[in-house]
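K.L.:
let me see the structure of the following:
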Amino acid sequence: MSSANSVLLGCGILQQEVNFLIKKNGWQLETDFLDSSLHVNFEKLAQQLETGILRNTGREIVVFYGCCHPRMEKILEIAHTFRTEGQNCVEMLLGRQKFMQELTDGAFFLLEDWALRWDQAIGMTFGDNPDVVREIFQLSNKKLLCIRTPCSKDFKIEAEDVGNKVGLPVHWLDVTLDHLESVLSQALERQSGNERLNL
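P.N.:
Below you'll find the predicted structure:
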């Protein structure tokens, strides 16, 4: 389903989970992860993604991103590649139904990577103004939903700290990797089909 010439290029927010699934399934797939904090800067995200595509020229690239940039589809079209199915990494992890349900309930999703690097990821965007940060997050969110996977370490302290900073109650959701595994499997099957067409 994958070959030694295959590479998964994309967001590093679920790096632990993706690496676990690659090992579990024995996929011949290298990875090239980009910093998850790029999401707060569209210019840098596009630049790093385009650089990553160039860095992997000549390889079969699957892009591990959702609709994370307004020009995402155009970037991929120019590069003659495609991305994994899903609006974002959280939807890929939870599945669309659960993702939409929690989103409707006012969840702001927090994964371990961002919890551990919150000030780096968010501070660059909103600066050191706690009142502004609280106002922005409370405007459209009712809770901070912290997502634990089988690969997560204990990040309760960091999550509570983020909850205090944004002024939202902290909730927890334990999830399996089943849906993420399905998303990656479908992407690799599509890649294999493209390879056969190009032979």
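K.L.:
am I right that D32 sits in a strand?
P.N.:
Yes - assessed with DSSP: H, G, I helix; E, B strand; the rest coil, D32 lies in a strand.
K.L.:
longest helix in the protein, please.
P.N.:
The residue-count maximum for a helix in the chain (DSSP state H) belongs to helix 178-198.
K.L.:
what's the local residue count around the closest residue to H39 other than its chain neighbours?
P.N.:
Sequence neighbours aside, C68 is the residue nearest to H39 in space, at 5.9 Å (criterion: Cβ to Cβ, 6 or more residues apart in numbering). (Glycine included, C-beta is placed from N, CA and C.) The number of residues packed near C68 is 20, by other Cβ atoms under 10 Å.
K.L.:
which element follows the helix or strand of the chain with the lowest mean pLDDT toward the C-terminus?
P.N.:
Within the chain, no helix or strand scores below helix 118-126, which has a mean of 75 by mean pLDDT, DSSP states H and E. Downstream of helix 118-126, the next assigned helix or strand under DSSP states H and E is helix 130-140.
K.L.:
circling back: give the buried residues for the longest helix of the chain.
P.N.:
H179, L180, E181, V183, L184, A187, L188, Q191 (16 or more other Cβ atoms under 10 Å).
K.L.:
pLDDT and distance to V90 added to those, as CSV?
P.N.:
Formatted as CSV, the buried residues of helix 178-198 follow (pLDDT from 0 to 100; distance: Cβ to Cβ, whole Å):
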residue, pLDDT, distance to V90
H179, 97, 11
L180, 98, 10
E181, 98, 15
V183, 97, 12
L184, 96, 15
A187, 93, 17
L188, 93, 21
Q191, 83, 23
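K.L.:
pick out whichever of the residues you listed sits closest to E112.
P.N.:
L180 (14.2 Å; Cβ to Cβ).
K.L.:
ok, C151 touching V18?
P.N.:
No - if you go by Cβ atoms under 8 Å, C151 and V18 don't touch, sitting 9.3 Å apart.
K.L.:
now the residue nearest to H39: phi and psi?
P.N.:
phi -90, psi 0 (degrees, to the nearest 10).
K.L.:
picking that back up, can you give the contact residues for the longest helix of the chain?
P.N.:
Outside helix 178-198, the residues within contact range by Cβ atoms under 8 Å, 6 or more residues apart in numbering are 1-3, 6, 8, 14, 17-18, 21, 24-25, 27, 29, 60, 62, 64, 82-86, 92-95.
K.L.:
let's see which of the residues you listed end up in strands.
P.N.:
Mapping the contacts of helix 178-198 onto strands (DSSP state E) picks out S6, L8, E60, V62, F64, F82, R83.
K.L.:
quick one: I22 and G66, what's the gap?
P.N.:
Going from I22 to G66 by Cβ to Cβ, to the nearest Å gives 19 Å.
K.L.:
the two: which is more packed in?
P.N.:
Ranked by neighbour count (other Cβ under 10 Å), I22 and G66 place G66 first, with 21 against 18.
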